[in-house]
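Participant: predicted coordinates and the sequence they were generated for:
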Amino acid sequence: MSNVTMTRHCHQCGWEWTLSVSPGRSDSCHQCGADFKVCLNCVSYDPRAAYQCRDRRADPVADKHLANFCEYLSSSAGPGLPSPAPMPERGGPQPAQETARD
């Protein structure tokens, strides 16, 4: 089994969570004091998705910046960043994209 550690960052200031334990509901950023276990720090957070969450198992959360009890929360890879979007295919923009930009 590999010893891979996930990097966690504060959604507000970008401070990196370097403690060996996962943040709990009452934990906050050591730099700015923002709650750490929040939707804005989760890989499933997506402002374009229903209830701003791509995980359909999760209950809706009204205040995305406040600590919550979501059992599906998984820390994002960077400050305020949801999981990476799929890369577009190489070969330049598609004709429909060019038409939309015009």
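Facilitator: Nice, thanks for sending it over. These numbers were taken from a predicted model, which means no experiment stands behind them.
Participant: show me the contact partners of stretch 17-28.
Facilitator: Here stretch 17-28 makes contact (Cβ atoms under 8 Å, 6 or more residues apart in numbering) with 7-10, 34-37, 67-69, 75. (Glycine included, C-beta is placed from N, CA and C.)
Participant: for Ala62, give its distance to His30.
Facilitator: 26 Å (Cβ to Cβ, to the nearest Å).
Participant: do Ala58 as well
Facilitator: 26 Å.
Participant: same deal with Arg56?
Facilitator: 33 Å.
Participant: cool, and Glu16?
Facilitator: In terms of Cβ to Cβ, Glu16 sits 10 Å off from His30.
Participant: what of Asp63?
Facilitator: 22 Å.
Participant: can you check Val21 too?
Facilitator: For Val21 relative to His30 (Cβ to Cβ), the value is 13 Å.
Participant: of those two, who's got more company?
Facilitator: Using other Cβ atoms under 10 Å as the criterion, Val21 and His30 rank with His30 on top: 14 against 7.
Participant: let's see the pLDDT reported for that one.
Facilitator: Listed pLDDT for His30 reads 87.
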